[in-house]
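>>> Got a sequence here, can you model it:
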Amino acid sequence: MSCGAGYTSESSRRLWDEMVPPPTRKITARLTVSYAGFEGESAQLEALYKHGITGEVIGPDLFRTKRQLTYWTHDCCAPWQTPAWVDEQRDTQRRNAFLRQIENRWVTSESSFVELAWWDACVDPDLRPVVADQSLQVWAEVDASTKRDWTAIVACSWDTEKKRARLIWHRVFQPSPKEPLDFEATIETSLLELRERFQVREIKYDPYQLVAVAQRLQRQGLPMVEFPQSVPNLTEASTNLYESIKGRNLEVYPDADIRLSISRAVAIETSRGWRIAKEKQAHKIDVVVALAQAALGATQRGQHPDPVFVQYFQMKAAEARVKEGWSVEAAAGAVNLPVDALREWMKPRANSMIDRYKQALSRYRQNLTRV
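Here you go, the predicted structure:
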């Protein structure tokens, strides 16, 4: 009989209980093959491990008790687990993941998010927050709270020459239980100002707090994008930021408060994924969460800009909305276009731009016909 034992739910524990070796056979067993888990989470496996290593040592890393035989080693025994491969895993995996999966050691679910030296290596002392640049495309994220946590807005861009994301601008608001945050006076005003200063391509937000705010801003033409703080979303954003910082694929300007938040951020790993969190309630890491999601947008969308034919259809759709009575800002926001680009498109003398889009569309259709 074969059965795993890294179970973390009651239903899985019941499955283990049901798979009892039958007494009708002379030799029966439950076989468990696994590496180490998380302390306090993989309860069944942890119990087997703790019981097994108390037994008599009958060989290298081999233990025997009355009813259990346990082999538990921290060595890499497979022939393909060469020293070079181990070094590669040590360099590419998070510390706790390396300890658990490669060295087979039990770990807690929390560990430092990144080493502070990695963050410092991403800081360019000559960089400063960008005040305004209408030619610069940015991807933003809002991490909001009305009373307890801080509210952070972060904007990032993609540097096509250096092939890395860049922190462009951020703002943090500090509410309190006695003085809750006025979203309209803070978040909405800041994002509307952001649109006047940059080409805002996307603004991610968690609908849990900001549904009404997003609806009002969408009516004013801002490209609001729902990004619920679910485990898959948080894992994707956290992983991207971790890899960007470790690989020095993120450029940031010096900021003592962001550095402090980075130092206080921890990575919490579960069976469903992992996310950035804080070690203590008093620690504020909202700007790190916002940075993770803004950097994800810049990395994903900045490397793969919309093809010309897609922009053409976006322009036509926005133009149709304006003719129906929409404002230029609202029409541009509805299809995720820069407002200035739509205004330029709709000018009577913008024939060269329109011709360029039409020519690109014609070539695209010809290619489809050939295929």
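
>>> Helix, strand or coil: sort out residue 269 for me.
strand (DSSP: H, G, I helix; E, B strand; the rest coil).

>>> Run through the strands of the stretch 151-300 of the chain in chain order.
Ranges of strands within the stretch 151-300 of the chain are 151-159, 164-173, 199-205, 224-226, 250-251, 265-270, 273-278, based on DSSP state E, counting those that start in this stretch.

>>> okay, and for the protein, where does confidence drop off?
Residue ranges of the chain with pLDDT under 70: 1-10, 12, 108-111, 146-148, 270-273, 278-283, 303-311, 336, 348-371.

>>> Who are the contact partners of the residue most central in space within the chain?
Per C-alpha atoms, centre = their mean, the C-alpha nearest to the average position across the chain is that of residue 237, at 0.5 Å. When contacts are counted by C-beta atoms under 8 Å, 6 or more residues apart in numbering, residue 237 touches 289, 292-293, 295-296. (C-beta placed from N, C-alpha, C; glycine too.)

>>> Contact partners for residue 134?
If a contact means C-beta under 8 Å, 6+ apart, then residue 134 has 197-199, 340 as its contacts.

>>> Just the element for it, please.
Assessed by DSSP states H and E, residue 134 sits outside every helix and strand.

>>> can I see the domain layout of the protein?
Domains of the chain are assigned by automatic domain parsing as 10-101, 116-302, 308-370.

>>> Nearest to residue 107, out of those?
Between residue 107 and those, the tightest spacing by C-beta to C-beta is seen for domain 10-101, at 4.5 Å.

>>> got a markdown table for the strands of the stretch 151-300 of the chain, with mean neighbour count and distance to residue 104 too?
Below are the strands of the stretch 151-300 of the chain laid out as a markdown table (neighbours: other C-beta atoms under 10 Å; distance: least, C-beta to C-beta, whole Å):
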| stretch | mean neighbour count | distance to residue 104 |
| --- | --- | --- |
| strand 151-159 | 24 | 38 |
| strand 164-173 | 22 | 35 |
| strand 199-205 | 23 | 38 |
| strand 224-226 | 18 | 40 |
| strand 250-251 | 22 | 32 |
| strand 265-270 | 19 | 16 |
| strand 273-278 | 20 | 19 |
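
>>> of those strands, which approaches residue 332 most closely?
The nearest among the strands of the stretch 151-300 of the chain, by C-beta to C-beta, is strand 199-205 at 10.1 Å.

>>> Determine which stretch of the domains of the chain is the most buried.
Comparing these by mean neighbour count (mean count of other C-beta atoms under 10 Å), domain 116-302 ranks first with a mean of 18.
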